[in-house]
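> With the sequence up front, the predicted model follows.
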Amino acid sequence: MHSKLFMYRKWQFSLAIVAAVLSVQAFAAGDAARGKLLTDTCKGCHAVDSYANAYPAYHVPYIAGQSADYTVSALTLYRDGNRTHPTMRAQAATLSDQDIQDIAAYLSSAVKQPDPAATVRGVAPSAAVACTACHGAAGISLIPMNPYLAGQQLDYLEQAVLQYKNGDRKGPNAIAMQAQVNALAEEDLKATLAFFAAQDGLEILPMN
């Protein structure tokens, strides 16, 4: 039993290393300086801490410091119509692959990069183990394709999870996410999201 557990954890670690290497290769082509210019239109929402989506009502997410690989994936999904938020769809519709790489490179470096080894604030709910396996003990994943959750707006996390739960949010991990969130009791899910939101991590997009 212990041998199988060791091999499984070794496989998980190896997968994370491979993903990290591929991530560096993937977004080495991103030009952060150009990406900064391209994010000017993003600041109208993401650089205003109190800005909220109208209906349903929730704060727009923090995107500064987000994983570049995840940002590339999310913007591509919006651009191609696989995520349906009307404002984000309109903003992403004309972006080229290079534009998206550049924006992701800038956003990941716009503030101090979240630290996967950061000290965990508080005690994680026992149910959080289902999420920390992929998203990290403090909500900062070692797998670049997974979004950082640490410090994210709580009501945005709740909205994203609801979309996964209902099958409305698409993406490479959508099926796995739907299975995970549907397996958790409502109170456990809320406690887990509140734990991630309370960690140090993502920040508001700088105005300058």
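Cool, got the structure. Values in this document were obtained by computation on a predicted structure and should not be read as measured data.
> would you list every one of the strands in this protein?
For the chain, the strands defined by DSSP state E cover 52-53, 58-59.
> Return the most buried member of these.
strand 58-59 (a mean of 18; mean count of other CB atoms under 10 Å). Quick note: C-beta positions are derived from backbone N, CA and C, even for glycine.
> Listing partners with orientation, what would you give for it?
Using DSSP bridges, the strands paired with strand 58-59 are strand 52-53 (antiparallel).
> Compute the first-to-last residue distance for stretch 176-194.
Start-to-end span of stretch 176-194 (CA to CA, to the nearest Å) is 21 Å.
> same thing with stretch 116-135?
10 Å.
> what comes up buried for that stretch?
Using 16 or more other CB atoms under 10 Å as the test for burial, stretch 116-135 gives Ala118, Val120, Ala124, Pro125, Ala127, Ala128, Ala130, Cys131, Thr132, Cys134, His135.
> Next: stretch 84-92.
Of the residues in stretch 84-92, those buried (16+ other CB under 10 Å) are Met88, Arg89, Gln91, Ala92.
> Now for the residue nearest to the spatial centre of the chain: which residues touch it?
For the chain, the residue nearest the mean C-alpha position is Pro147 (2.3 Å; CA atoms, centre = their mean). Neighbouring residues of Pro147 by CB atoms under 8 Å, 6 or more residues apart in numbering: Gln66, Ser67, Tyr70, Ala74, His135, Ser141.
> measure it to Asp99 for me?
20 Å (CB to CB, to the nearest Å).
> Output the below-cut-off pLDDT ranges for this protein.
Applying pLDDT under 70 to the chain flags residues 1-28.
> can we see that at 90?
Applying pLDDT under 90 to the chain flags the ranges 1-29, 113, 117-118.
> All the helices of it, in order from the start?
For the chain, the helices defined by DSSP state H cover 2-27, 32-38, 43-46, 68-79, 86-92, 97-109, 129-135, 154-166, 174-183, 186-197.
> Next up, the contacts around Thr87.
Cys45.
> Ala197 and Gln152 touch, don't they?
Yes - between Ala197 and Gln152 a contact is recorded at 5.8 Å, counting by CB atoms under 8 Å.
> Switch the helices of the chain over to a markdown table; also include distance to Met207.
Below are the helices of the chain laid out as a markdown table (distance: least, CB to CB, whole Å):
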| stretch | distance to Met207 |
| --- | --- |
| helix 2-27 | 24 |
| helix 32-38 | 12 |
| helix 43-46 | 6 |
| helix 68-79 | 19 |
| helix 86-92 | 18 |
| helix 97-109 | 14 |
| helix 129-135 | 28 |
| helix 154-166 | 20 |
| helix 174-183 | 32 |
| helix 186-197 | 23 |
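> Figure out which of those is closest to Pro206.
helix 43-46 (8.4 Å; CB to CB).
> C-alpha coordinates for that closest one, PDB please?
Coordinates of each C-alpha in helix 43-46 appear next as PDB, following Å, rounded to 0.1, in the frame of the first residue of the first chain:
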ATOM      1  CA  LYS A  43      -8.300  48.100 -16.500                       C
ATOM      2  CA  GLY A  44     -11.800  49.500 -16.800                       C
ATOM      3  CA  CYS A  45     -13.000  46.500 -14.800                       C
ATOM      4  CA  HIS A  46     -10.000  44.600 -13.400                       C
END
